[in-house]
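[1] Everything below, folded, please.
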Amino acid sequence: MHPILGDRLRLRLHLTAWSLAGAMLALLVRVLMGVAWTDAVVFGIPMGLVAAPVSLSSWYLCRAMPLSRTSALRVGATALGASLVTASLWAAGGRLWWQLLSRTGFELPADRAAAATTLLLGLGALGYLLAVTVHYVLQASEESSAAERRALESQVAQR
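    Predicted coordinates for the structure are as follows:
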């Protein structure tokens with residue numbers, strides 16, 4: 001099980017971070033596409049919350065390919081490929097969400113759906129790569145703590 005799912009505080013922080021990312025998406029939709037604030041927020045916040053569980057998959061990628069035992073080229077290519085796949089799925093879901101909202105009374109112009117999809121594709125790839133980076137930093141921190149603990153245990157055993 002993913003460690004975030006077992007810790008309520010981490011889960012709340014994770015969801016809060018992705019809610020803020022959704023708010024930033026709403027801001028971009030508002031500024032770049034001229035959509036009303038309410039409509040942009042109704043589009044952006046749920047998209048941010050959908051990205052939250054999607055980003056958790058990056059943890060498994062980082063665990064399967066630790067930086068200390070995997071070539072940088074392989075890590076980079078795998079992370080880039082995974083980011084493109086997840087961003088494509090997220091953007092496709094975003095396009096469907098945009099179309100659904102535009103049909104149910106929100107003022108999301110149907111002719112802007114392609115631009116929104118492109119925006120989601122780019123932001124989704126960057127968001128996933130950011131999640132990979134964060135997971136690798138956390139993994140390095142855990143490895144450093146474990147090495148310190150082993151060194152202390154070794155010193156105690158010598159005494």
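[2] for the protein, which spans come out with low pLDDT?
    Residue ranges of the chain with pLDDT under 70: none are present.
[3] Just give me the residue closest to the centre of it.
    To find the centre residue of the chain, average its C-alpha atoms and take the closest one (C-alpha atoms, centre = their mean): that gives Ser55, at 3.7 Å.
[4] Leaving out the residues flanking it, which one is nearest to that residue?
    Setting aside the residues directly before and after it, Ser55 is nearest to Ala131 in space (C-beta to C-beta, 6 or more residues apart in numbering), at 4.0 Å. (Each C-beta comes from the backbone N, C-alpha and C, glycine too.)
[5] contacting residues for Ala115?
    Each residue near Ala115 by C-beta atoms under 8 Å, 6 or more residues apart in numbering is listed here: 32-33.
[6] just Thr117 next, same as before
    Each residue near Thr117 by C-beta under 8 Å, 6+ apart is listed here: 91-92, 94-95, 98.
[7] How far off centre is the longest helix belonging to the chain?
    As assigned by DSSP state H, the longest helix anywhere in the chain is helix 113-158. Computed by C-alpha atoms, centre = their mean, to the nearest Å, the separation of helix 113-158 from the middle of its chain amounts to 12 Å.
[8] What is the burial count for Ala23?
    Per other C-beta atoms under 10 Å, the neighbour tally for Ala23 reads 15.
[9] so where does it fall, helix or strand?
    For Ala23, the enclosing helix or strand under DSSP states H and E is helix 8-33.
[10] buried ones in that helix?
    Residues of helix 8-33 classed as buried by neighbour count (16 or more other C-beta atoms under 10 Å): 14, 17-19, 21-22, 25-26, 28-30, 33.
[11] Pull the number of nearby residues for Arg159.
    Applying other C-beta under 10 Å, we find 4 residues neighbouring Arg159.
[12] swap in Thr86?
    With neighbours defined by other C-beta under 10 Å, the count for Thr86 comes to 20.
[13] List the residues that contact it.
    When contacts are counted by C-beta under 8 Å, 6+ apart, Thr86 is found next to 54, 57, 124-125, 128.
[14] Most widely separated two among the residues you listed?
    Farthest apart among the contacts of Thr86 by C-beta to C-beta are Ser57 and Ala125. That separation is 13.6 Å.
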